[in-house]
Structure formats: structure tokens, C-alpha cells
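Trainee: I would like the atomic coordinates for the input below:
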Amino acid sequence: MPTLRSSSSPSSVSSPLRRASGGGQRVLSASSSSSVNMPCGDRDSDQTAEGDSDSLSADEGSDFEDSLRHSVKKRAAKRPLRTTPVAKHPKKGSRMVRGHGQRDSEPPTSDLFDAVKAAKSDMQSLVDEWLDSYKQDQDAGFLELINFFIRSCGCKGNVTSEMFKKMSNSEIIRHLTEQFNEDSGEYPLTAPGPSWKKFQGSFCEFVKTLVYQCQYSLLYDGFPMDNLISLLTGLSDSQVRAFRHTSTLAAMKLMTSLVRVALQLSLHKDNNQRQYEAERNKGPGHRAPERLESLLEKRKELQEHQEEIEGMMNALFRGVFVHRYRDILPEIRAICIEEIGSWMQSYSTSFLTDSYLKYIGWTLHDKHREVRLKCLKALKGLYGSRDLTARLELFTSRFKDRMVSMVMDREYDVAVEAVKLLILILKNMEGVLTDADCEGIYPVVYASNRALASAAGEFLYWKLFYPECETKMVSGRERRRSPRAQRTFFHLLLSFFVESELHNHAAYLVDSLWDCAGSQLKDWESLTSLLLEKDQNLDDVQESTLIEILVSSVRQASEGHPPVGRITGRKGLTPKERKIQADDKVKLTEHLIPLLPQLLAKFSADAEKVAPLLQLLNYFDLNIYCTRRLEKHLELFLQQLQEVVVKHAEPTVLEAGAHALYLLCNPEFTFFGRVDFARSQLVDLLSDRFQQELEELLQSSFLDEDEVYSLAATLKRLSAFYNAHDLTRWELYEPCFRLLRKAVDTGEVPHQVMLPALTLVYFSILWTLTHLSGSGASQKQLLSLKDRMVAFCELCQSCLSDVASEIQEQAFVLLSDLLLIFSPQMIVGGRDFLRPLVFFPEATLQSELASFLMDHVFIQPGELGSGHSQEDHLQIEQLHQRRRLLAGFCKLLLYGVLEMDAASDVFKHYNKFYGDYGDIIKETLTRARQIDRSHCSRILLLSLKQLYTELLQEQGPQGLNELPAFSEMRDLARRFALSFGPQQLQNRDLVVTLHKEGIKFSLSESPPTGPSGQPPNLAFLELLAEFSPRLFHQDKQLLLSYLEKCLQRVSQAPDCPWGPVTTYCHSLSPVENTVEANPQGYPRSKKRRTEGPSRQQREDISSSQEESLQLNSIPPTPTLTSTAIKRRQPLGGLEEMEEGSPEPELVQSSQPLSGNQRSRLSSPQHFQTLLNRSGPGLGNRLTRLSLMEEDEEEIQSELSEEWQDTDKHSSSSEHGLDLLDSTEMNLEVSVPKNTVDSRLRGLCVLGRCWQVTCVLCSRWK
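Mentor: Purely as a prediction, here's the structure:
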């Protein structure tokens, strides 16, 4: 069987396409490129360049057409091997077959396209009907097939008989390109909608069925298939994306069908060869010469058919695939890679060679996810067969590193497929993956994505566990794993987790292995036997890890969801999975209930092992204690629980024990009385011990360390149980409050005793509130609770000034929670009877809370290292604690417990601590703006004032704006400005008020006597300038006038301009926004027509009418384009904006101007600031009108595009537009008619001019 030749030198194409015999029709010429420069080595994703750059455009002829005309002989009609039966009459409801009487100039109907789109009839019947029509009229039938593919591209044009006879392929494609509707980027393969979503499948099915139905007849006829291949090759080289995409899909599906036909021919040829050899080997008397002759004739015919099919495949491969596998469109590249993968699997004899594999290897570096995914799936089909892997050795050695590196792909689905591919390589190619390769895959079992982690877990299982465990199985049909194999599995699992040191939590490793090794992990008999046997060879770390694996497997089997932080795409369990989960829960409960007391007894001295064992009760079916009559094991568990609680004082152990007892104390259980009695005994024991130790502490003046430790441990145990159980009847509030009162008054109580005592009092208040909230409480009870709460708040307030930081933080947390619980929110929801309990903190308490926040939260932490040292872990824990404190304070602000002005203490640290608390402060700022937008803007200004005042007191007014701290304040102001968002119209009054208040603050103090004479707060204007892009242009002019009036009140006027005033005026001038809208002078894409009077004449007329501004030295104004107009540049002063000028100084317009002042007024800034106070004359009005009429048809279509262009080029420089400035323009354009202020009618709403009486604006009223 001859194999297909490689396309490394496609310039010498040997195509099978020929002229049709006897019909006189011209073969459509292809317009694909004559040559393609193939890459020679490994390709990166950057090499996925525009495929059309290597090929000729569709408007040019190509050598491919010439090669068809000169090198291809006329094909003689072949006798079909088998005649496909065709329908003699059209089926009912099917499309009608055209006759010969149809005129050639009339385009064929599109019923074939509509039938494929509808996909209502059988595709085989549809192809049979087309074959009938083709046999009746070849021209009409083939034109219908051509127009079907043209319509499938989304083109409205048709190929007529006249075009087919007189035009070449390139001319036809050029004609279709001119008729193509490019208003929308959608075409059938990409169009939305349910009907179009099914179209691609129907389209591919039609191509497949067409080849299948023609494989014994028209496939070797020479005319239809050759012309179809030529057409698709030409369309695939088109610059129109729809043509290129659709024709490539059709060509690749056609190639896939031809590969199947070639495979069948190869099988028939091998069959024929065996029959011939068998007949020839017969004796002379038994040999049939006629039989041998017929077999030879058939073999010759099969050989010819195979050569023709291979010629077609070569034409498609070199004419389409070689160009399109690196097309600029990722969908086209994905189609090519998907199809070549199917060719290699189905016809490996011809296609599974390095000359074809290299295309997949190169495309592994593609920058688009879908293409890389298709590459991996194609390779999975190849590596999944052991018979094919022998031919992949060279490819594997060349691209193995790339396949291993794709495990870390940024797209999770690509990484999952990469791991699955490596699993197949591991199974079917021994020794290819080295230990170094595998070590790069092992850490992925701890990935956050569950699909990726599960795939990595399967790889780990096949690499480490399967060779050791699966070979040691007991013979038999059930093939149950031997206990020894199970022990080996758990020992290997322990070794991997402990020795790799990749993670600290085995729950993620268990979850990763659950899908492939769930049966081994659910072998709780082997796990518990390993833990309980006496002569085990496990060290302390291995025992702790094995207990964690046990608990994790129990949790996974009982709950069925991954551990916290691992992402899964599944929404729920199927009924079958829920049934398995329920059965597993019963099995693990029945097995572990008798063994849990034994495990607790063995490991009771180790807190790290006891705490997870107590958590096992969370996953039990506790009804089994009753239904299986296991109460004796419940008694043993309660005894062990009491021993554990009395023995340990660690919070994790106590919380686990309290929660386990809480699960058992359910009144619905029949054993509730027994458990409640055990709980009462335990609390009585702890309470009596506390009372004794407390009396000793209150009476004696000195306690040794053992007594202090014992009292602290007892309080910790009571506090842990008070959190989960109602211990009100033991009356622990009074003794604990006396203990805390003595600690505050004398300071003699140790800190380790105060911490649990504070928590005990807190829980006592909450449990009392729970009782009063659920029943009709009396006024006396409510007031008693209120007194207790107020007394405890005062106690916590005193603790805020304690020496120990842990006491201060605990008091702050408890105080924040209590103030929030007893805020006015507690009466919401029909609980008005609790109104006497509402508590409002005093001003002193609010100030102390804010001071605590400044001292303990907004502090600079040390630099973090790699994150693995003990110091790094400690710093991370401290950061979490500080975030908790800040969140508690912010909740008090948002719920109205504290005055909202106190938020300035938080907001002023927004920029400096953005990395640590940015998300919390941002959320607080957003919620505060939702509550009261006006108040929130005042708070932002207050934050800047506070920071400025602090810096002014520390550094003095000289050189203030040059300090690094001032630059940080400027960044903070910019971030505040960004927080206003795109709602410019809603924020208009707020931003204007903010500017006015800021101007007042900057000029609030008189300037000192001296050479500078600058007010001390004047530099605040530079911070205020960051909010200028939030303003409308009309408001900027009003603020400039307001600033001018305020400057007149300053007692001492400076001889030289003040820098902050200049900067602020510059931020309010329109020239600032003009520069910002087009940084670095980027050109616009569209130009305005320059008909009518010249722009120079218009500017001369305009400048002659503006008598208030005498601009004597203006150079000739250049031609004004639409870009300048839409950027709101003044028509009379465009050239002045381009010239450099000194900074402006505000001068009263009523005063006579000196020479220097006149020159300053000639600057662009003052031209924007003062504007023209006299209306333009008739000439100016007429020029504006002519400008409007000139572009009346363009305005609506160009406005949105020009604003978008401005948005793309917006600047975020120090005094430039920030990231949201483009929304300012969009909002101004969309201002409704009734929202235009009549007082601002002198300014153009569209921003197209700056004249006082704009004709264009008058149309908006």
C-alpha cells in the first residue's frame, strides 16, 4: 500500500484533479497558494501567525490551477464496482428535482441548504435525492451542490451556469466576495440560536454521507469531486473569514471521509491479494484461469481507485491543511488538528508517520486553549493503543518535555488532558517518563481544581501504587485484594505524603485519589487494624497522618464533596451516588462505633491525634446506636470523652469534644437522657473545680504556676462547652465577673486566666438573650440583661488599655460583637419588645475603639520570606487576626453603631495598606456609598484633610508637595476619585461639593508673613486636582470662577503664581482634557470631509468676533479635522493649545491688563478658563451652522466610535484622566434633553465647541 507523501515540499503538487470527460464543462480552478514555507523545528505559540500571509489572496490566480490543467490527464469513465440504488420517484415531502428546462442564467434554488439546516429528513435520503437530480442534469445538480457550500458560508450570492462556464475559480470567488454581506461578523457556523447550533453537525454529516453514497459511483467519475475539491481549496484561501472557516471544515470532513474510503479500499485490496495467492497456489488441475484473470482485473481496478483517492487526499492535504493548520483563526486550526488526529487513528498505515505527527507537535505550543486541547485529545487517541505507540518513539522523545510542561497549563481543562495523556504514556510506553518527569506531576495532586487534582491522583496511583498493590491479589473471580496488599497501599500512601513534604493536609491527597483508589481508601478495617495493632512500625508522624487519612476518607464517603478550597464543577450527586453514599455511611458507622473508644483510649494522651478522632462522630449515622443496640459502646465513648476533656486544655480538642457531645444531646434520640446525665456530670465536675480554684485566687495574694495553669485550664474547658451547650443553670456569670473586676482593678489576675473568663461572660450574656428572645420576657429581665451587658462593655473598655495585647484584642472582638448584637438591628423582624436592650456606645468608647484600631491594625508588618518558616506562618496568623479586627470595626460603621465619620480613620489608610486590607476597605466604601452617597463623599474629603493636617504638623508647609508622603496622599486621592465609578451624572453634585469644600479648606488659614506668603493648606489643591476628571466641563468653569473669588479674599496676593493654584487650574482647563483624550498625539482613524468654506476662513471669522480676547500672535490655523472637534477643542484657539505657554494666573476681568498679564491671558489655560464673554456674531453663527450641516449625517454614527477611541487613548498620568474618564464623555453624550441646565446653555453639551451660543446645542433643548 503506497503511503501518502509528506508535504515538506508542497510546491511540486501532483493533483488528481482532471477535466471531466464528455461533458465539456470547465474544471473550476483553485486559488490556493503555490507554496508554503514549512517550519523546520519546534514551534512556539507565536508561530501561529496569519495563515494567509503565506498564500495568495482569493483575487489572484495560482499555480495550483495551472498544474491541474497541464499535468493531469483526462480520466476515462470507470465502471463502478457496485451501483448504489437510487430512488426513481421523489419521496413524499422531499424537495423537487429540477428538470432540463431550467434556464442556465437562473441561479439554483437553495432547498438543499434549507434541508440540511432543518435536519428533519434522513441525510442519506437527502443525498440520494441530490444524486437523482445530478444524474438527470449534471450542470444543475453540481451548481446546486456548489451553491449549498456558498450558502453555508453565509454568502447571499449564487454561482450561475453562465459564471460556471465563462469564469475561472478565482474570478468566481472574487465575485462572491464582492457580494458577501459583511455587516455582521456572524455566519452559519458561528451564528447564535438553536437551529444554527445544530447546523455544524448536519453540515458535517452531509459531507460524510455524500462521500459514502458516492464511493462506488461518482467518486471516481472525475467531474464532481475534482471540481468540489478545487472550489473548497480556493475558498479556504480567501480573506473572508466565513469562506475560509466553512470551506476548511468541509474540506477536512471530506478528507476524513476519503480516508475511510481509502481504508476500505486497502482492506479490499488485501483481501483480493489473499484470494489471488490462494487460487494461484492450487494445483494445475484445480486452478481456474478465469478466476485468476478476474482477480487480477479487480486488483488493477482497486489499485487505480486507491491512487485516485490518494491523489484527492494529497490535494486536500497540501491545498488546505498545510495552509490552514496555522490560520489566524483558532477555530480553523482546531478543526485541522482534530481531523489529522482522526486520520492517524483510522488509517495509521499512511498517516502515522513523523512527517504528519510534526504538525501536532508544533501546534502543542499554540496560544489558544481550544487548539492545544485538540492536540492533546488527538495524541490520547494515538497513545491509547499499544499497537500504535511503537511508531511514536521519535515523536515522544522530541515533544515529551512539552507534554510534561502542559500539566502546568493555565487552562485547567488543557492541564487535565495533559495529565491523562501522560497516564497513557505511562501505561503503554514503559520507561519513557523519568523520575524527574514524574516529580513535576506529583504536586498537582494538591491543586485547587478537583478535575486536575483527580487526574494527577490517577497518575500517582498508576505510577506508585498499582505496580505494588494490584499484583498481590488473591486468585479468584472476585479478585479481592489481600490484606497484605491493602497494608502495602497505606504504607506507600504514608511514605509519599510524609516524605514528599508537599502539603500539610492529607484530606486533599485523599480527595485526589478518591476516584481511582476509592475502594482501597474505604477499607476502614485495614486502617483501624494498622492503628490498633501493638507491634506496628509507625512513628508519631505516620500515626498522625494515618489518623488524618482515616478521618478524611470517612468524611469523603459520608458527605461526598471535596475539602474546603477545592473547586468542583458538579452541582450535586446522582441518585445512584446518593445510594452508595448512604450505604457507605452505614458501613463506616457500624465498623467505627465499637472501635472509636479503643482508638480514644490508645491516643488519649496526644492532642493532635485525639481531636480528629473526636471529629469522626460528625459523619456517623447516630441512629445506629439505637437500632443496632450499641448503647454499651456509647457508654464507653462518653467515659473516654470525659477523660479526654479533663486531661487536655487545647482549644482544638475541647471544641471537638464539645461538638461531639452536642451531636449526641439531641432530644429526638432515645439515649438523650443518658447523654444529658453524662454532660451534667462533666459540667458539675468542672464547675466545682472552678469555684474552689476561684476562691483560692480571690483570697490569696500569690498563686504558683500550677494553680494558675489549673484555673486557666478549667476556664478554657467551661468556655468551650459554654459555646456549644447552655450552661446558664450553673450561674457562671457572677464569679467570672468578680474575677474580671479584680483583674481590672488590681491587675493581679494572670492574663491566661482573664482570656477564658472574658469569653465565659460573653457566652453567658448571649445565652440569656437567647432565652429572652424566644419567650415573653418581663421588663425586669430585659433591664437586668441590659445592666449586665453595659457592665461587661465597660469592663471590656477598660481592658482596651491593658498591657497584654492578647487581652486588648480579645476585648475588642467581644466588644464589637456585643455592640453589633445589641444595635438597633435587633428589633427588626417583629421583635420590638427587645427595644429596651438597644445600646448606643458613648463618644469615649467610640474614640477608644478607633484608637485601638490605629495602634493594632494599621501597623507596618515585617517582610515575609518564602512562607515556609515559622516566623512567616506567625506573621500570616497575625495578619488574619488584624483583618478580623478591622472587619469587626467596619461592621460597626455600616450598621450604624458608630458614627460614619469614624470611617475616615479607615479610608485614609486605603492606599497604604491596600495589599493587606484593600478588599475590606473597598467593600466598606462601597456599602457606605450605598447608604449615603453625600455623606460618603464628605468622609473621603475628611480622610484627605486628616492626612494633610498630620503631614503639615510633622513637616511644616515648606516643600510639602515634594515629600514622598504627599505623593502617597495624591495616589490615595486618585483611588478615591476612581471609587466614584462611571455614574458621573449621579455624582455631579457630590463632586462639585467636594471641590468647593476642598477649596475652602485650602484657603481657610491666612498666609503667613514672609517671602512666600502662601497659605499653609494651599498644597491641598494638588490633591483636589485628582478629582477634576470627575467633573462636567460646565462645572469646571464655575469652579474656576469660585476659586477666583476665593483668591480675592486672601489678604496677601503673591508676586509670582502659586504652584498648587496653577496645577489645580490646569486640571480644570479644557486643554487638559484635550491632551488627555489623545496622549502622544495618536491619529484618529476617520477624517472629516473638508467641503465648503475652508477651515482657515472659518477661524478668521470666528476670531474676528471674539473681541474680549485679542490674540495678536496666532500662527495660521491648520485644517480642522473631526478629531479636533470631537475632542472638544475650541475652534478659535486650536493652534494655541499646541504651543507652549506659561502657567495661568487668575486675574479679575474688570481690571486693566498689564503686558505680562495680557501675555498670560493669551496662554491656552486662560483661553479655556475665562472663555468668551460676548456672543459671536452672525458670521460665526453661520460658520457653525455650515459645520453642523456638513456633518449632520455623520454625527450620530461617529459619536459613539469617537468616544470609544478616546477611551482607548485615555491617560492615567499624574494630572491626566484616570481609568474611568472615558465614561465622562459617554455620559455627556447621553444627557437627555430635559436634564440640560438652562444656566449652562452657553456651553456645548456635545463638547464639540466652546462658543457661548452653540447652534448644535440649541438642537438639544
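Trainee: Check what pLDDT Ile939 gets.
Mentor: pLDDT recorded at Ile939 is 95.
Trainee: OK, contacts around it?
Mentor: Neighbouring residues of Ile939 by C-beta atoms under 8 Å, 6 or more residues apart in numbering: 900-901, 903-904, 907, 928. Where you see a C-beta, it was placed from the backbone N, CA and C, and this is true even at glycine.
Trainee: three-state assignment of the residue lying farthest from the centre of the chain?
Mentor: Distance from the C-alpha centroid of the chain peaks at Gly285, with 79.8 Å (C-alpha atoms, centre = their mean). What DSSP: H, G, I helix; E, B strand; the rest coil gives for Gly285 is coil.
Trainee: all helices for the stretch 351-500 of the chain, in order.
Mentor: With helices called from DSSP state H, counting those that start in this stretch, the stretch 351-500 of the chain shows them at 354-363, 369-383, 386-389, 393-405, 412-428, 435-439, 450-460, 466-469, 483-500.
Trainee: okay, those, which one's buried deepest?
Mentor: helix 450-460 (a mean of 24; mean count of other C-beta atoms under 10 Å).
Trainee: For the helices of the stretch 351-500 of the chain, which has the smallest mean pLDDT value?
Mentor: Looking at the helices of the stretch 351-500 of the chain, the weakest mean confidence is helix 466-469, a mean of 78.
Trainee: could you dump that one to CSV, C-alpha only?
Mentor: Taking C-alpha atoms only, helix 466-469 is exported to CSV below (Å, rounded to 0.1, in the frame of the first residue of the first chain):
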residue,chain,number,x,y,z
TYR,A,466,-0.6,0.0,41.1
PRO,A,467,2.7,-1.9,40.5
GLU,A,468,3.0,-2.8,44.2
CYS,A,469,-0.6,-3.4,45.2
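Trainee: So which other helices or strands are in contact with that helix?
Mentor: helix 483-500 (3 or more C-beta pairs under 8 Å, 6 or more residues apart in numbering; DSSP states H and E).
Trainee: again, only this time at 10 Å
Mentor: helix 483-500, helix 506-521 (3 or more C-beta pairs under 10 Å, 6 or more residues apart in numbering; DSSP states H and E).
Trainee: if I pick the closest residue to Leu1039 other than its chain neighbours, what's in contact with it?
Mentor: Nearest non-adjacent residue to Leu1039, counting by C-beta to C-beta, 6 or more residues apart in numbering: His995, 5.3 Å away. Contact analysis of His995 by C-beta atoms under 10 Å, 6 or more residues apart in numbering lists 941, 1021, 1024-1025, 1027-1028, 1030-1031, 1035-1036, 1038-1039, 1042-1043, 1064, 1068.
Trainee: Point out where the stretch 201-350 of the chain drops to low pLDDT.
Mentor: 222 (pLDDT under 70).
Trainee: try it again with 90
Mentor: Residues of the stretch 201-350 of the chain that meet the criterion pLDDT under 90 lie in 201-202, 211-228, 231, 239-240, 264, 268-308, 349.
Trainee: Do a quick rundown of the helices in it.
Mentor: Going by DSSP H, counting those that start in this stretch, the stretch 201-350 of the chain shows helices at 224-236, 241-280, 289-316, 322-324, 330-346, 348-351.
Trainee: For the residue nearest to Leu1039, pull up the helix or strand it's in.
Mentor: Element membership for His995 (DSSP states H and E) is helix 988-1002.
Trainee: Ile173 now?
Mentor: helix 169-179.
Trainee: Which neighbouring elements make contact with that helix?
Mentor: helix 63-71, helix 138-152, helix 161-166, helix 224-236, helix 241-280.
Trainee: for these, which one ends up most surrounded?
Mentor: helix 224-236 (a mean of 26).
Trainee: gap between that helix and the chain center?
Mentor: 42 Å (C-alpha atoms, centre = their mean, to the nearest Å).
Trainee: Just the CA trace of that helix, in PDB.
Mentor: Provided in PDB are the C-alpha atoms of helix 224-236 (Å, rounded to 0.1, in the frame of the first residue of the first chain):
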ATOM      1  CA  PRO A 224     -18.000  16.400  -9.300                       C
ATOM      2  CA  MET A 225     -15.400  15.500  -6.700                       C
ATOM      3  CA  ASP A 226     -12.500  17.100  -8.500                       C
ATOM      4  CA  ASN A 227     -14.400  20.400  -9.000                       C
ATOM      5  CA  LEU A 228     -15.600  20.300  -5.400                       C
ATOM      6  CA  ILE A 229     -12.100  19.900  -4.100                       C
ATOM      7  CA  SER A 230     -10.900  22.700  -6.300                       C
ATOM      8  CA  LEU A 231     -13.700  25.000  -5.100                       C
ATOM      9  CA  LEU A 232     -13.100  24.300  -1.400                       C
ATOM     10  CA  THR A 233      -9.400  24.700  -1.900                       C
ATOM     11  CA  GLY A 234      -9.900  28.200  -3.400                       C
ATOM     12  CA  LEU A 235     -12.400  29.200  -0.700                       C
ATOM     13  CA  SER A 236     -10.100  28.100   2.100                       C
END
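Trainee: tell me the angle of that helix relative to helix 241-280?
Mentor: 150 degrees (axes from the mean of the first three to the mean of the last three C-alpha atoms, to 10 degrees).
Trainee: so helix 224-236 versus helix 289-316, what angle?
Mentor: Going by the same axes, to 10 degrees, helix 224-236 makes 10 degrees with helix 289-316.
Trainee: Please name every helix or strand in contact with helix 224-236.
Mentor: Helix 224-236 packs on helix 63-71, helix 138-152, helix 169-179, helix 199-214, helix 241-280, helix 289-316, helix 322-324, going by 3+ C-beta pairs under 10 Å, 6+ apart.
Trainee: will you turn the ones you listed into CSV that also has distance to Lys922?
Mentor: Formatted as CSV, those follow (distance: least, C-beta to C-beta, whole Å):
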stretch, distance to Lys922
helix 63-71, 60
helix 138-152, 50
helix 169-179, 51
helix 199-214, 44
helix 241-280, 41
helix 289-316, 57
helix 322-324, 47
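Trainee: how about those, which one is nearest Asp932?
Mentor: Nearest of those to Asp932, taken as C-beta to C-beta: helix 241-280 at 51.7 Å.
Trainee: What helices and strands are in contact with the closest one?
Mentor: helix 138-152, helix 169-179, helix 199-214, helix 224-236, helix 289-316, helix 322-324, helix 330-346, helix 348-351.
Trainee: Helix 506-521 and the helix or strand where Leu588 lies, what's the angle between them?
Mentor: In the assignment (DSSP H and E), Leu588 maps to helix 575-602. With the same axes, to 10 degrees as the basis, helix 575-602 and helix 506-521 are set at 110 degrees to each other.
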